[in-house]
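Engineer: Quick one, structure for this:
(2 chains)
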Amino acid sequence: MTQAFMAVLARELRLALRRRSEWAQPLVFYAVVATLFALGAAPNAPWLKVAAPSILWVGALLAALLSLDRVFRGDHEDGTLEQLFLSPQPVSLLVAGKLFAQWLVIGLPLTLLAPVLGLGLGMEPNVILVLMLSLLLGMPALILTAGFASALVVGLPRTGVLLPVLVLPLVSPAVVFGAGAVRAAQSGLPAEAPLYFLGAILVLCLCGVPLAAAAALKNALD
Amino acid sequence: MNLIPDWLHRLASPPTFYAFATRAQPWLTGVTLLLLGYGLVGGLALAPPDYQQGEGFRIIYVHVPAAWMSLFVYSVMAGAAAVALIWRIKLAECVLTSCAPIGASFTALALVSGMLWGKPMWGTYWTWDARLTSELILLFLYLGVTGLQQAIADPRGAARACALLAIVGFVNVPIVHYSVEWWNTLHQGPTITKIGKPSIAASMLWPLLSMALGFTTFFVGALFQRVQNELLWRERANPWVKEATA
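Structural biologist: Now for the predicted structure:
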């Protein structure tokens, strides 16, 4: 089983290495969104610092969402998905492998870029640490949830705005706790509680989403 | 042992349900009119004005039942979703997809009536209060289910995708609720609870309960009609549809 998981993971990573724009685009998108927020404000406006947690969290969420539309689409079009279902391994495990690869390719770089953008928006070093921790716990949960939603819409010719409509309400708790942790740190309060909540959400997503996404993919193939 | 009674099995078959819903419709309409009639007269005319909120409190006779229904319909939808996924019953699929637009309407009604009440009472139409926010997110969840259903052409595939989404959303609703509660709250605590004596006068309470029941029977009636439509459309090639619509 571990072998199957690793095989899926290796395949995804190899594909990502060959299509560089796949992982570069979300990063550029994230940086551009943060820049535009800064440009929309008066130069060095104090509220920008106050709004930074939510800008950085929502920006990361949208950037990840942008590329997750395609996570199962290519496999569905070229028949890889059918092959996954023919394999004797549980599909939920293979889905988990795919989504873990997505986190490595998209989630982790976004988490690493966030501190730089946080500096640009005037965050203190200790706040940036909390920002990174919150994204480290929150991004996998976001990617899992978005993976489930993209599994739901995998067979559709054009999804357009449907994927964000499905994902955004589902991830609202993660945004509340994620941005909440950063805000708590900003105002000098302990940020552990929201981080624990984020961890709990991540555990819940880890347990539930692979199963739900596998069921959604099976439904799309029927 | 037969856990599920026979009549329930038969009811799950589309023609039987169609006939049952047709027979039930006049009763549902009658009971709804009676309950809503008593509730409206009792609530808008007979009940005394609130000592603090004056006449403005009367909006609860629409607002509170609508808010209850928004959650109740979601539970019905999630229940039907589970049945549809586990037993693959067509009727449950129709119930599930028919619940979403009705539930969205109740949620929108609760939001709008709450905003109208909020302006004189809180001095603002909207505030990012926990209950308002979770109700708004509930509305988005409903809209997501409807959007997904309309995007997928095959009705069975659409219903099963919606079922998965509804169940995931159902797990998510309490998390959303507590997360935003923890985030911010201004809304008053619940006045009516099962345990203990409600902190509302009986002359105000009875019309409210009547309205709530009336909203429920209205929901069942509207649901039956939508399910009937859906069944007619899905089964349009079957002879029973021709007989039923002849």
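
Engineer: Pull out the buried residues from stretch A:1-13.
Structural biologist: Neighbour counts over stretch A:1-13 (16 or more other Cβ atoms under 10 Å in any protein chain shown) mark A:4, A:5, A:8, A:9, A:12 as buried. Using the backbone N, CA and C atoms, a C-beta is placed for each residue, glycine as well.

Engineer: OK, contacts around the last one?
Structural biologist: Just to be clear, that refers to residue A:12. A:97, A:98, A:101, A:102, A:105 (Cβ atoms under 8 Å, 6 or more residues apart in numbering or on different chains).

Engineer: ok, and the most crowded of the residues you listed?
Structural biologist: Neighbour counts for the contacts of residue A:12 (other Cβ atoms under 10 Å in any protein chain shown) peak at residue A:102, which has 27 neighbours.

Engineer: And the residue lying closest to that one once chain neighbours are set aside, how close does it get to chain B?
Structural biologist: Spatial nearest neighbour of residue A:102, excluding adjacent residues (Cβ to Cβ, 6 or more residues apart in numbering or on different chains): residue A:143 at 5.3 Å. Applying Cβ to the nearest Cβ, to the nearest Å, the value for residue A:143 to chain B is 15 Å.

Engineer: show me where the chain has helices.
Structural biologist: Unless you meant another one, I'm taking chain A. In chain A, the helices defined using DSSP state H lie at A:2-18, A:20-40, A:46-68, A:73-78, A:80-86, A:91-102, A:108-120, A:125-152, A:162-170, A:172-186, A:192-221.

Engineer: My question was about chain B, not that one.
Structural biologist: B:6-11, B:14-41, B:60-87, B:90-122, B:130-151, B:155-183, B:202-234, B:239-245.

Engineer: one step back: with mean pLDDT added, can I get the helices of chain A in TSV?
Structural biologist: Output for the helices of chain A, formatted as TSV (pLDDT from 0 to 100):
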stretch	mean pLDDT
helix A:2-18	88
helix A:20-40	88
helix A:46-68	89
helix A:73-78	86
helix A:80-86	88
helix A:91-102	92
helix A:108-120	93
helix A:125-152	93
helix A:162-170	90
helix A:172-186	90
helix A:192-221	92
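
Engineer: can you list the ones you listed in CSV and add distance to residue B:16?
Structural biologist: Output for the helices of chain A, formatted as CSV (distance: least, Cβ to Cβ, whole Å):
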stretch, distance to residue B:16
helix A:2-18, 46
helix A:20-40, 52
helix A:46-68, 43
helix A:73-78, 38
helix A:80-86, 36
helix A:91-102, 36
helix A:108-120, 54
helix A:125-152, 31
helix A:162-170, 34
helix A:172-186, 41
helix A:192-221, 27
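
Engineer: Can you tell me which residues in chain B are near chain A?
Structural biologist: Contact residues (Cβ under 8 Å from any Cβ of the partner chain) of chain B with chain A: B:85, B:137, B:140-141, B:143-144, B:147-148, B:151-152, B:157, B:160-161, B:164-165, B:167-169, B:171-172, B:175-176, B:179-180, B:182-183.

Engineer: What subset of these is buried?
Structural biologist: Judged by 16+ other Cβ under 10 Å, buried ones among those: B:85, B:137, B:140-141, B:143-144, B:147-148, B:151-152, B:160-161, B:164-165, B:167-169, B:172, B:175-176, B:179-180, B:182-183.

Engineer: Might one say that residue B:232 is in contact with residue B:244?
Structural biologist: Yes: using Cβ atoms under 8 Å, residue B:232 makes contact with residue B:244 at a distance of 7.4 Å.

Engineer: Common neighbours of the two, please.
Structural biologist: Counting by Cβ under 8 Å, 6+ apart, the residues touching both residue B:232 and residue B:244 are residue B:18.

Engineer: I'd like to know how far residue B:214 sits from chain A.
Structural biologist: Look at residue B:214 and chain A: by Cβ to the nearest Cβ, they are 29 Å apart.

Engineer: Look up the closest residue to that residue, ignoring the ones flanking it.
Structural biologist: residue B:35 (3.2 Å).

Engineer: next one: residue B:226
Structural biologist: residue B:98 is the one closest to residue B:226 (Cβ to Cβ, 6+ apart), at 3.6 Å.

Engineer: Check whether that neighbour really touches residue B:220, as I assumed.
Structural biologist: No: counting by Cβ under 8 Å, residue B:98 does not reach residue B:220; the two are 11.2 Å apart.

Engineer: More neighbours: these two, which one.
Structural biologist: Set residue B:98 next to residue B:220 and count neighbours by other Cβ under 10 Å: residue B:98 wins out with 24 against 17.

Engineer: and that one, what is it in contact with?
Structural biologist: With the criterion set at Cβ under 8 Å, 6+ apart, residue B:98 makes contact with B:223, B:226, B:227, B:230.
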